[in-house]
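Colleague: A predicted structure for the sequence below; I have some questions about it.
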Protein chains: 2
Amino acid sequence: MKKKSDNNFTPLSSLGEFGLIDHLTKKFQLSHKTSIKGVGDDAAVLNYGNKYAVITTDMLTEGVHFNLVYTPLKHLGYKAVVVNLSDIYAMNAIPMQITVSVAVSAKFSVEHMEELYGGIKLACDKYNIDLIGGDTTSSFTGLTICITAIGEVNKEKITYRSGAKINDIICVSGNLGGAYMGLQLLERERSLFEKNKVEKPDFGPYSYILERQLKPEARKDIIALLNDNGIQPSSMIDISDGLSSELLHICKASNTGCSIYEEKIPINNETAKMAEEFNIPPLTAALNGGEDYELLFTIPLTYYERISLISDLSIIGHITKEYLGCRLILKSGDEAKLSAQGWNAMKS
Amino acid sequence: MKKKSDNNFTPLSSLGEFGLIDHLTKKFQLSHKTSIKGVGDDAAVLNYGNKYAVITTDMLTEGVHFNLVYTPLKHLGYKAVVVNLSDIYAMNAIPMQITVSVAVSAKFSVEHMEELYGGIKLACDKYNIDLIGGDTTSSFTGLTICITAIGEVNKEKITYRSGAKINDIICVSGNLGGAYMGLQLLERERSLFEKNKVEKPDFGPYSYILERQLKPEARKDIIALLNDNGIQPSSMIDISDGLSSELLHICKASNTGCSIYEEKIPINNETAKMAEEFNIPPLTAALNGGEDYELLFTIPLTYYERISLISDLSIIGHITKEYLGCRLILKSGDEAKLSAQGWNAMKS
């Protein structure tokens, strides 16, 4: 499994992010009755009386997860909250509280921190979240943000990655690949700007994909609509690493396969146009681009009529037996095997 | 309040760590019924049915909180857990779960991470903690660890900083200043080692203070003894920033003053000897040295007899009216005003 490097140490990139977490946490066992679910879903689940508490945490580091050249600190604060809330919604739960830890180097001022916390406050106000704690400390280099979000859910509503059943319908909210193409655009303009210092970046008519990248939203509305329509998903995950990667997580956890259809995958026009400018097939951006923060979930066929009434949802395929694998049916009629080439923060 | 620098930005160091957190979070309000206590104590408190959940988070950054030149990764993992558990015990609660987020640069290998997680596992085993989640990601520079700990407590047992009453006895567990003197020793030997590469560091007979710095413990035993003896503290805090700083937190939150006695402050012989080598008054190390992770708490006078039966506890003074201020009675009979000059991770 491991590939040793010359100095006899195994580089982190050889395991990848998920492989590394699995490897490091496999010896840990849950011992408390209150610990219902540990590592391996969008959030951990704790049993508190008549409800479950769900808890998730995410760390964002400068240069890896964000570039301050084109990321306003207010947007960064907003996004750092939203990505955690998205994980809570993906458990079919309602986020209630966050803690925020920030490490900053001396290049940051009080005014910079006010901008960052201004964005955090905007997100807290919009999603009705209480900031209940945190930590502010120094770093020798750059900015690191670690947010923990806590939510709650009635026990019968909790939704794991592992509940998908054969013949369940696969649904996805919104559209895919936009955040990734927004990132490509920002990176291109940054690169041009650094070469010819005088010119202003030209973002043209691409405000939608820029917003997808810089100020994403978590799908609070979809969770509310599922609840209002009495639809209990059998499995759910949020799309932070690309559709392929997330669908493989669901199928692996559920011991199933899946078939999804190219023609059903929702791609925004602006995303498709930008992808063409970059000579990237729009399908690739949708399958492997990260950070869309849409919800991917499965539901029993019996909910088919009810789900059709909810707008901004696409039915993209169905769950199959495990031995059939995870397949993408192309418009041409050909089939491809889904593979996770998505965003991976551990790859070197 | 703020001191602007030349470029019209206010340096973070002008507010200090606590001032900065206060400044950034003052606009945030708690809106959920479950949010009992937010920013401003050792941990946040959430109301779940018949118990409270308490939650705390701490971020440690390389070069600020630890130096990998003399900190084995296994010790670092252990300590990163323990410092969070200490905050949970300081609420009179029992820690149950942690999440661990780690950002590492490419200079770290899988083997390094195994060492770090080995230390995390040791602490989890010793304190009976479930690892329930986390995040592993890249950084461009060095190592950052952010741990969130979750505990629980019967509602009537929760202990805040704010409950100290006039005439309450002030107690402290263990002894103080050892971790700080351990750090001074490590820094001296590092500095000598860097000058003359060949010599081995000489730690002499100072194993106790080195352990206090590199592998501190949280006072699980004291919380159990208080419980077994039916003692409910009126206020409590853990000593991470030095006795002075923590006592000022309690008095500020409780609107009281205090008198403590130099002769009562517990200082280990090894700590005192090392302090003398460095020409630091041992009292200064005890008052302002950080990272002891002992518990500082107040109890009503009625518990005096019961508390006297518990070993490894010192009664160091009593709570007074607020207008009398926070005073240290010296062995000479003179009085000094307590001030927080302790460890401050935001100071430049």
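Modeller: Structure received. Note that the structure is a prediction, hence the values are computed from the model and not measured.
Colleague: contacts and neighbour counts: CA atoms only from here.
Modeller: Noted.
Colleague: just the buried residues of the helix-or-strand element of chain A with minimal mean pLDDT, please?
Modeller: The helix or strand of chain A with the poorest confidence is helix A:16-25; it has a mean of 84 (mean pLDDT, DSSP states H and E). By neighbour count with 16 or more other CA atoms under 10 Å in any protein chain shown, helix A:16-25 contains the buried residues A:16, A:17, A:18, A:20, A:21, A:24, A:25.
Colleague: what do you get for stretch A:120-131?
Modeller: Across stretch A:120-131, burial judged by 16+ other CA under 10 Å covers A:120, A:121, A:122, A:123, A:124, A:127, A:128, A:129, A:130, A:131.
Colleague: run through the residues that contact the last one.
Modeller: Put plainly, it is residue A:131. Taking CA atoms under 8 Å, 6 or more residues apart in numbering or on different chains, we find residue A:131 in contact with A:97, A:98, A:99, A:100, A:124, B:28, B:29, B:30, B:38, B:39.
Colleague: quick one: secondary structure of it?
Modeller: Secondary structure, DSSP: H, G, I helix; E, B strand; the rest coil: residue A:131 is strand.
Colleague: what does the third one give?
Modeller: Taken by three-state DSSP, the conformation at residue A:122 corresponds to helix.
Colleague: check contacts around it.
Modeller: Applying CA under 8 Å, 6+ apart, the residues contacting residue A:122 are residue A:78.
Colleague: how about the strands in the stretch 51-200 of chain A?
Modeller: Taking DSSP state E, counting those that start in this stretch, the strands of the stretch 51-200 of chain A run over residues A:51-61, A:94-104, A:130-138, A:144-154, A:169-173.
Colleague: can you give me the strands for the stretch 201-348 of chain A?
Modeller: Assigned by DSSP E, counting those that start in this stretch, the strands in the stretch 201-348 of chain A fall at A:235-239, A:257-261, A:294-299, A:313-320, A:326-329, A:335-337.
Colleague: for these, give me JSON lines that also has mean neighbour count.
Modeller: Shown next, in JSON lines, are the strands of the stretch 201-348 of chain A (neighbours: other CA atoms under 10 Å in any protein chain shown):
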{"stretch": "strand A:235-239", "mean neighbour count": "29"}
{"stretch": "strand A:257-261", "mean neighbour count": "23"}
{"stretch": "strand A:294-299", "mean neighbour count": "26"}
{"stretch": "strand A:313-320", "mean neighbour count": "21"}
{"stretch": "strand A:326-329", "mean neighbour count": "20"}
{"stretch": "strand A:335-337", "mean neighbour count": "13"}
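Colleague: wait, which of these is closest to chain B?
Modeller: Chain B lies closest, by CA to the nearest CA, to one member of the strands of the stretch 201-348 of chain A: strand A:235-239, at 15.4 Å.
Colleague: and the closest one, average pLDDT?
Modeller: Mean pLDDT, strand A:235-239: 98.
Colleague: that strand near chain B at all?
Modeller: No. Under the criterion of CA under 8 Å from any CA of the partner chain, chain B is not reached by strand A:235-239; the shortest gap measures 15.4 Å.
Colleague: quick one: strands adjacent to that strand?
Modeller: Paired with strand A:235-239 in the same sheet, following DSSP bridges, are strand A:294-299 (antiparallel).
Colleague: ok, and what's touching the strand it pairs with?
Modeller: Against strand A:294-299 from outside (CA under 8 Å, 6+ apart): A:90, A:164, A:168-176, A:218-219, A:231-240, A:243, A:246-247, A:318-319.
Colleague: get me the contact residues on the stretch 51-200 of chain A for chain B.
Modeller: A:56-59, A:61-64, A:96-97, A:99, A:101-103, A:106, A:108-111, A:113-114, A:117, A:121, A:128-141, A:146, A:148.
Colleague: which of those residues are buried?
Modeller: A:56-59, A:61-63, A:96-97, A:99, A:101-103, A:106, A:108-110, A:113-114, A:117, A:121, A:128-141, A:146, A:148.
Colleague: please parse chain A into its domains.
Modeller: Per automatic domain parsing, the domain ranges recorded for chain A read A:32-157, A:161-337.
Colleague: next, the distance between the ends of the last one.
Modeller: If I follow you right, that is domain A:161-337. Using CA to CA, to the nearest Å, the gap from the first to the last residue of domain A:161-337 comes to 20 Å.
Colleague: ok now it, how far from the chain's centre?
Modeller: Here domain A:161-337 is found 10 Å from its chain centre; the criterion is CA atoms, centre = their mean, to the nearest Å.
Colleague: and the first one, by the same measure?
Modeller: A distance of 13 Å separates the centroid of the chain from that of domain A:32-157, by CA atoms, centre = their mean.
Colleague: run through the residues that contact residue A:225.
Modeller: By CA under 8 Å, 6+ apart, the residues touching residue A:225 are residue A:310.
Colleague: again, 10 Å this time
Modeller: Residues in contact with residue A:225 (CA atoms under 10 Å, 6 or more residues apart in numbering or on different chains) are A:231, A:307, A:309, A:310, A:311.
Colleague: got it, and residue A:88?
Modeller: A:42-44, A:53-57, A:82, A:94-96, A:149-153, A:218, A:220, A:237-238.
Colleague: one more: residue A:83?
Modeller: By CA under 10 Å, 6+ apart, the residues touching residue A:83 are A:57-58, A:147, A:149, A:216-218, A:238-240, A:291-293.
Colleague: same question for residue A:314.
Modeller: Applying CA under 10 Å, 6+ apart, one finds that residue A:314 lies in contact with A:170, A:171, A:172, A:173, A:174, A:175, A:264, A:265, A:266, A:296, A:307, A:308.
Colleague: dead centre of chain A: give me the residue that sits there.
Modeller: residue A:240 (2.0 Å; CA atoms, centre = their mean).
Colleague: state the distance from the closest residue in space to that residue that isn't next to it in sequence to chain B.
Modeller: Spatial nearest neighbour of residue A:240, chain neighbours left out: residue A:291 (4.3 Å); criterion: CA to CA, 6 or more residues apart in numbering or on different chains. For residue A:291, the distance to chain B (CA to the nearest CA, to the nearest Å) stands at 15 Å.
Colleague: just the closest residue of the stretch 101-250 of chain A to chain B, please.
Modeller: Chain B sits closest to residue A:132 of the stretch 101-250 of chain A, with a gap of 3.9 Å, by CA to the nearest CA.
Colleague: about what we covered before: so which of the strands of the stretch 51-200 of chain A gets nearest residue B:260?
Modeller: Among the strands of the stretch 51-200 of chain A, the nearest to residue B:260 by CA to CA is strand A:130-138 (29.1 Å).
Colleague: what lines up beside the closest one in the sheet?
Modeller: The pairing partners recorded for strand A:130-138 under DSSP bridges are strand A:94-104 (parallel).
Colleague: in TSV, list the buried residues of stretch A:120-131 along with distance to residue A:303 and pLDDT.
Modeller: Below are the buried residues of stretch A:120-131 laid out as TSV (distance: CA to CA, whole Å; pLDDT from 0 to 100):
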residue	distance to residue A:303	pLDDT
A:120	36	97
A:121	37	97
A:122	35	98
A:123	32	98
A:124	33	98
A:127	28	98
A:128	29	97
A:129	31	98
A:130	34	97
A:131	36	97
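Colleague: any chance of those in JSON lines, plus distance to residue B:209?
Modeller: Formatted as JSON lines, those follow (distance: CA to CA, whole Å):
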{"residue": "A:120", "distance to residue B:209": "41"}
{"residue": "A:121", "distance to residue B:209": "43"}
{"residue": "A:122", "distance to residue B:209": "46"}
{"residue": "A:123", "distance to residue B:209": "45"}
{"residue": "A:124", "distance to residue B:209": "44"}
{"residue": "A:127", "distance to residue B:209": "47"}
{"residue": "A:128", "distance to residue B:209": "47"}
{"residue": "A:129", "distance to residue B:209": "43"}
{"residue": "A:130", "distance to residue B:209": "40"}
{"residue": "A:131", "distance to residue B:209": "37"}
